[in-house]
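Student: 3D, please:
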Amino acid sequence: HCPTDGGWEAPYGAWSDCSADVQVGLRQESVIFDDTQNLCVDQNYIAKLCKVRLSSMAIHPGHKLIVAGGSKRGEVGLFMPGENKVTLRLEPHTDLVGGCQFSWNKLFTCSYDYTVRMFDPETLHYDQVYSSSDVWFRSLSVCNENEVMVAGTNGQVVKVDVRENKKVCAYPSKENFSEYGSLWGLHHNKYDTNYFLTTSNNGTIAV
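Tutor: Numbering: from 1, shown residues only. Sure, this is the predicted structure:
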């Protein structure tokens, strides 16, 4: 991180102070790229998760490698790579799975079928935690073990309490939020959940 005095111009002027760090970083990057020349594809780490095109994916943040993928027809596949690789295919949604994310040993998914669902791998149950009558959900971001945010095609982000299966609040809260466009991407700051980022189909990104 380069020291700045504020404003958008400061980072560019600060590059001279960080030139040594940048050169070191570039050398490290070249080493990483050289290492990739020896990479190969292991068939034990490849799996056919769903019958049709995948529209979303997620990797478990824990020590045990588990990946998930959602398809355009509402399927969700789970995959544990390795010599004894395990795959599990579920059909929790009826339309395209826009987003999926692991958190606290749960898998959250949202879909064009107007629902947000949570999968518990211990019980193998897929529960609905939120639904809308007219909004497709394209992306989600888990705030903590009790709350998840979802981005909708109506330009609004909804925070949901998964314990009570209800909306806690929505951003923006005003009625006329169509000016923000249909939202496609959503990501929140894990260290300060007051900040989150959205992208929309009108070419804008918003914090």
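Student: Tell me the secondary structure at the spatially closest residue to Thr199 that is not a sequence neighbour.
Tutor: What sits nearest to Thr199 in space, not counting adjacent residues and going by C-beta to C-beta, 6 or more residues apart in numbering, is Gly185, at 3.9 Å. Backbone N, C-alpha and C define where each C-beta goes, glycine included. The three-state label given to Gly185 by DSSP: H, G, I helix; E, B strand; the rest coil is strand.
Student: Just give me the neighbour total for Gly185.
Tutor: 15 (other C-beta atoms under 10 Å).
Student: Isn't it up against Met149?
Tutor: No - using C-beta atoms under 8 Å, Gly185 is not in contact with Met149; the gap is 11.9 Å.
Student: Okay, and the beta partners of Ala58?
Tutor: Taking DSSP bridges, one obtains Ala68 as the residues bridged to Ala58.
Student: Run a quick check on it versus Gly77, I expect a contact.
Tutor: No - when contacts are counted by C-beta under 8 Å, Ala58 is not listed as touching Gly77 (11.0 Å).
Student: residue ranges with poor pLDDT in this structure?
Tutor: 1-36, 173-180 (pLDDT under 70).
Student: Setting the sequence-adjacent residues aside, check what's closest to Trp104.
Tutor: Glu145 (4.4 Å).
Student: So the one you found lies in a helix, does it not?
Tutor: No - per three-state DSSP, Glu145 lies outside any helix segment and is coil.
Student: do you know how far it is from Phe102?
Tutor: 12 Å (C-beta to C-beta, to the nearest Å).
Student: Same question for Leu186.
Tutor: From Leu186 to Phe102 the distance is 16 Å (C-beta to C-beta).
Student: And for His63?
Tutor: 13 Å.
Student: So for these two, which sits in the more crowded spot?
Tutor: Using other C-beta under 10 Å, the more surrounded residue of His63 and Phe102 is Phe102, with 19 against 5.
Student: quick one, phi/psi of the more buried one?
Tutor: phi -80, psi 150 (degrees, to the nearest 10).
Student: and if you look at Leu65?
Tutor: Taking degrees, to the nearest 10, you get phi -80, psi 110 for the backbone angles of Leu65.
Student: neighbours around it, how many?
Tutor: Count around Leu65 with other C-beta under 10 Å applied: 12.
Student: Spatially, what comes nearest to it if we skip its sequence neighbours?
Tutor: Pro81 (5.7 Å).
Student: Let me know whether that neighbour touches Tyr45 as I believe.
Tutor: Yes - in this structure Pro81 lies within contact range of Tyr45 using C-beta under 8 Å: 4.3 Å.
Student: Could you check which of these two has the larger neighbour count?
Tutor: Higher neighbour count among Pro81 and Tyr45: Pro81, with 17 against 12, using other C-beta under 10 Å.
Student: any idea how far that one is from Ala151?
Tutor: The gap separating Pro81 from Ala151 is 30 Å, by C-beta to C-beta.
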